[in-house]
Each structure stands twice: as C-alpha cells, then as structure tokens.
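Asks: Dropping the sequence and predicted coords here.
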Amino acid sequence: MAAGTPVAPRPPLRSIPHWLWPGWRRLPGQRPRSAAQGKRVVLRDGSKVVIRQVQPADAPLLADGFARLSPQSRRMRFLARKDQLSAAELRYFTDIDHHDHEALAALDPAGGRGVGIARYVRDAGDAHAAEIAVTIVDDWQGRGLGTELLTRLSARARSEGIHRFTALVADDNRAMAGLLRNMSANLVGRNPGTVEYAVTLMPSGKSTTAPAAGPGRDRVPTPC
Ligand SMILES: CC(C)(COP(=O)(O)OP(=O)(O)OC[C@H]1O[C@@H](n2cnc3c(N)ncnc32)[C@H](O)[C@@H]1OP(=O)(O)O)[C@@H](O)C(=O)NCCC(=O)NCCS
C-alpha cells in the first residue's frame, strides 16, 4: 500500500477495498493439499472433520461452501444480502499470508467438501488486534465446529503476536453471541444493527481466552 493511502476503519472481512486486492500468486512448488493432510478432529456429536490452513487452491472449495449456505447464514456472515463471492473475493479469502491474515478450514473427510471456515485479519491500526469471522455451513451448525475452529484460530493468532480478537456481529445473531460468550467475550460497542465484541487471548500454555475486562465494558448479552 502506498504511503498516505487512507486506512480502512476496520479489516475488510465483508468487502475488499481495491487497494487490498492481492495478486494471484502461488509459491513455486506449492501443490493443493487434500483434506487428509490436515488435523483430524472429532466433534461433540461424534462427526469427524479435518482442519487445516486455507491455501490459494481452496478457492473452488470456498465457492462450493458459500453456495451451500442459507441466505440467513450469508446475511449473518456479511451483514448484508450476499448472493455470490466474486473472483476477487475468492482470491482475497484464500490467497493469504498466514501472518496478518490467517484462515482455518474444516473439511468433511467423506468427500473433502468444506464445512466451515474461520479467519482473522490483523487490524491496520493495532498490530496486536485482529477482526475475526467464522462460518459453518448450515448442515454442520450446532455441533461445536465454530468453537473448535475459533479455539484453534486463537492459538494461531497468539503465535503471530495477536492478543485481542474483535468481532462485528449482527445484533440478532444469537448463535455467534453464544459462541463469543463461551470465549469470555465482552461487548465493546453498539451500532445500528450490529454489536462489537472483544476477546482477550491468553498466552500459549494457558486457557486460550480470558475476559477482556475494562472500564465500561459489559458482559455479552444475548442479542435479540
Ligand atoms: C455462528 C456460527 C459460526 C456458530 O457456529 P456453530 O458451529 O454452529 O457453533 P457451536 O456449535 O460451536 O456452538 C457454540 C455456541 O454458539 C451458540 N449457538 C450455536 N447455535 C445456536 C443457535 N442455533 N441458537 C442459539 N445459540 C446457538 C451456543 O451458545 C453454543 O454453545 P453451547 O453449545 O455451549 O450451547 C454458525 O452458526 C454460523 O456459521 N452462522 C452463520 C454465519 C455467522 O453468523 N457467522 C458469524 C459472523 S462473524
């Protein structure tokens, strides 16, 4: 980014400023990884997933996952009606540096389709903070996968020097509010139609998250 370029007020988790569009690139020798190459995880209902870092070759996988989301899940994720992901968005969401922008994907080992994704994007104005987003395809919601992905993303973020997650959430998103409450999130802001949460990440070796205590910060209510 050229010096003097205006900095976006928050990381581009919902739309991509043109100055953030990455070039389509692939490291020499990089090959697509199959689902089998990630970490095998058993969810609380006994179903199995494979979790691994997102890579550029995952663009079709992401497009397929997005196509299987209900309109409601898309609205909750993007805070607006969203009918498709553009080629530039698919590139932005998959061609990531794993430092300022990390994303973990969950795949169904039976067939290799994507069933969930969680990402952080480091805050342009605070190197120790990052905004998160998580999406689980509707058929897989409520099995503990969102929690699993965010727990693993928290550990990755800590190892990249991030101490705090923020999340901008629709004020009627009960599921995300519950997930964040389980992570000891605090409500730190209210806007028309949205609420903002913060989660303090604990150093590795301790429990991953801690209450983001601070003056004037409320415990997370269940949005209505
Ligand atoms: C929000 C979302 C990521 C949660 O993922 P998930 O895998 O379904 O959540 P989990 O199974 O890990 O549940 C975590 C907590 O969320 C809450 N929760 C999950 N589903 C819920 C529902 N249908 N209603 C109310 N609370 C719910 C619960 O508090 C739950 O904790 P508990 O199981 O101890 O009660 C998922 O529903 C989703 O992808 N929604 C659409 C996209 C979205 O809203 N993304 C968030 C924008 S950043």
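Replies: The structure has been received and is ready for your questions.

Asks: is it true that V121 touches L153?
Replies: No - V121 is beyond contact range of L153, at 11.4 Å (criterion: CB atoms under 8 Å). (C-beta placed from N, C-alpha, C; glycine too.)

Asks: Pick out whichever of the two has more residues nearby.
Replies: Between V121 and L153, counted using other CB atoms under 10 Å, the more crowded position is L153 (25 against 20).

Asks: Report whether the longest helix along the chain contacts the ligand.
Replies: Identified as the longest helix of the chain according to DSSP state H is helix 145-159. Yes - judged by CB under 6 Å from any ligand atom, helix 145-159 comes into contact with the ligand through 145-147.

Asks: So which of these is the closest to R158?
Replies: T147 (16.8 Å; CB to CB).

Asks: What average pLDDT does stretch 48-63 get?
Replies: Stretch 48-63 shows a mean pLDDT of 98.

Asks: Report how many residues lie close to the spatially closest residue to L149 that is not a sequence neighbour.
Replies: Nearest residue to L149, sequence neighbours excluded (CB to CB, 6 or more residues apart in numbering): A118, at 3.8 Å. Applying other CB under 10 Å, we find 27 residues neighbouring A118.

Asks: thinking A118 is in contact with S154, fair?
Replies: No - using CB under 8 Å, A118 makes no contact with S154, being 9.5 Å away.

Asks: show me where this structure has strands.
Replies: 39-42, 48-53, 101-107, 114-123, 126-136, 164-170, 186-191, 194-201, 209-210, 218-219 (DSSP state E).

Asks: Tabulate those strands (JSON lines), appending distance to T94.
Replies: Output for the strands of the chain, formatted as JSON lines (distance: least, CB to CB, whole Å):
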{"stretch": "strand 39-42", "distance to T94": "19"}
{"stretch": "strand 48-53", "distance to T94": "10"}
{"stretch": "strand 101-107", "distance to T94": "8"}
{"stretch": "strand 114-123", "distance to T94": "10"}
{"stretch": "strand 126-136", "distance to T94": "14"}
{"stretch": "strand 164-170", "distance to T94": "21"}
{"stretch": "strand 186-191", "distance to T94": "29"}
{"stretch": "strand 194-201", "distance to T94": "24"}
{"stretch": "strand 209-210", "distance to T94": "26"}
{"stretch": "strand 218-219", "distance to T94": "35"}
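
Asks: Under the pLDDT cut-off, which ranges of this protein? List them.
Replies: Along the chain, the model assigns pLDDT under 70 to residues 1-12, 15-36, 204-224.

Asks: Which residues of it lie near the ligand?
Replies: 73, 76-77, 133-136, 141-147, 167, 169, 173-176, 178-179, 182.

Asks: sorry, back to before: beta partners of the residue nearest to L149?
Replies: With DSSP bridges as the criterion, A118 is bridged to L104, V134.

Asks: repeat for the one 4 residues further on
Replies: When assigned by DSSP bridges, R122 has beta-bridge partners A130.

Asks: what do you get for K48?
Replies: In beta-bridge terms (that is, DSSP bridges), K48 pairs with V42.

Asks: Check which residues of stretch 68-83 are buried.
Replies: 69, 73-79, 82 (16 or more other CB atoms under 10 Å).

Asks: Provide the contact partners of it at residue level.
Replies: If you take CB atoms under 8 Å, 6 or more residues apart in numbering as the criterion, stretch 68-83 is touched by 14, 66, 133, 135-139, 141, 168-170, 173, 175-176, 193-194.
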